[in-house]
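**Student:** Predicted model and sequence below, questions to follow.
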Amino acid sequence: MSAERFRDVVNLYLLTECDMGCAFCYASKNLGKMASERAISLITSLARLGADRLNITGGEVMMYSEALRVVQHAHDCGIQVCLFTSGSLYTLDKIKSFSPLLSWLALSLDGDSSVNVKVGRSPRHFDSVLRAIQQTREVSSSVRIRVATVVTRLNVHHLDDLARILADARYRPDSWRLKQMVPTRRAQVNSSELSLGAEEFQKAALAVKSKYGDLLHIDMKPAAEKIADTMCIHPDGDATVTVMDDGEFKIHSLGNVFADLCAVLEKWRKFRDLYNATAYREQWDLIVGTESRR
Ligand code: SF4
């Protein structure tokens, strides 16, 4: 393996179980849970190879009983952690435990309470996310909060309603990420009902940005920016990358990290889109002053 340090951001999927049923779900299914000892040893190896930023996710990561131990270990290895949770189970006790270990908290919200349910979120999800934002702010001033919204036909005409809610000074995340849906996995199956073209996505995202850009840091993510921007490691250790092949988004296997991590990283480097992977890494560096929140 080359001596190049590994600096790209990995998405570590600890489990596939989830309490939501999002129509656009991009996560792998029915792969169970990664044993916590394996997750810990993998994180140690990644840190030794140079990794300093890691997304820890699921499924729903709050359904992984040893999530705190895994996040604590990444933190102890000097890795900055972004914890991805839908927010539905991110209760105050969890906020208090996880916040000192996090660089970013990424929550999902796809519309106001009714649109959010239409997308496949549970009825309690909407209020849980807003509460989690407020409580995280109360517990820690150092955790940066991102709200991610996957833009599909189901919510494209309702982004203004969500923007108005997020712009309220009680919430106002450090970053609001508008993501054009990437048609892979369940999203591919539901693509005819959900997919938006790049132009339509851009027009909708720019419309909310022009109206709320002074209050919200709005980060637009066209689907093309997802091509080979990050490597996903699934609970069984299989690693994948999203590529564009014959004009279609496809998921390509990189091998299994528990069998041969170095071979996986070598393969990743061949597929990596340097521009997208660098942008993916750099988005962590967003520094937001208190001005924009209050
Ligand atoms: S998109 Fe996320 S929250 Fe929704 S079903 Fe998939 S893993 Fe769960």
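**Tutor:** Yes, it's here. Only a predicted model underlies this, so the values are computations on that prediction, with no experimental measurement involved.
**Student:** For the stretch 51-200 of the chain, what lies in contact range of the ligand?
**Tutor:** Residues of the stretch 51-200 of the chain found near the ligand (C-beta under 6 Å from any ligand atom) are 58, 59, 60, 86, 108. Where C-beta positions appear, they are placed from N, C-alpha and C, glycine not excepted.
**Student:** so how far is residue 140 from the second one?
**Tutor:** If I follow you right, that is residue 59. Distance of residue 59 to residue 140, computed by C-beta to C-beta, to the nearest Å: 25 Å.
**Student:** next one: the fourth one
**Tutor:** Residue 86 is 20 Å from residue 140, where distance means C-beta to C-beta.
**Student:** So those two - more neighbours on which side?
**Tutor:** Using other C-beta atoms under 10 Å as the criterion, residue 86 and residue 140 rank with residue 86 on top: 28 against 17.
**Student:** Need phi/psi at the more buried one.
**Tutor:** Phi and psi for residue 86, reported as degrees, to the nearest 10, are phi -70, psi -30.
**Student:** same question, residue 151
**Tutor:** phi -90, psi 120.
**Student:** as a whole number, average confidence for the helix or strand hosting residue 43?
**Tutor:** Residue 43 belongs to helix 36-49 when assigned by DSSP states H and E. Mean pLDDT, helix 36-49: 98.
**Student:** do stretch 150-166 as well
**Tutor:** Mean pLDDT, stretch 150-166: 96.
**Student:** so how far does it reach from one end to the other?
**Tutor:** 15 Å (C-alpha to C-alpha, to the nearest Å).
**Student:** Buried ones in that stretch, by neighbour count?
**Tutor:** For stretch 150-166, the neighbour count (16 or more other C-beta atoms under 10 Å) marks 150, 151, 152, 154, 155, 156, 158, 159, 162, 163, 165, 166 as buried.
**Student:** If you count contacts, what does whichever strand or helix holds residue 54 end up packed against?
**Tutor:** Using DSSP H and E, residue 54 sits within strand 53-57. Applying 3 or more C-beta pairs under 8 Å, 6 or more residues apart in numbering; DSSP states H and E, one finds that strand 53-57 contacts strand 10-13, helix 67-76, strand 80-84.
**Student:** Parallel or antiparallel, list what pairs with the last one.
**Tutor:** Looking at strand 80-84 with DSSP bridges, its paired strands and their directions are strand 53-57 (parallel), strand 104-108 (parallel).
**Student:** could you redo these as a markdown table and give each row mean pLDDT, mean neighbour count and distance to residue 31?
**Tutor:** As requested, those are arranged in a markdown table below (pLDDT from 0 to 100; neighbours: other C-beta atoms under 10 Å; distance: least, C-beta to C-beta, whole Å):
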| stretch | mean pLDDT | mean neighbour count | distance to residue 31 |
| --- | --- | --- | --- |
| strand 53-57 | 98 | 23 | 13 |
| strand 104-108 | 97 | 23 | 20 |
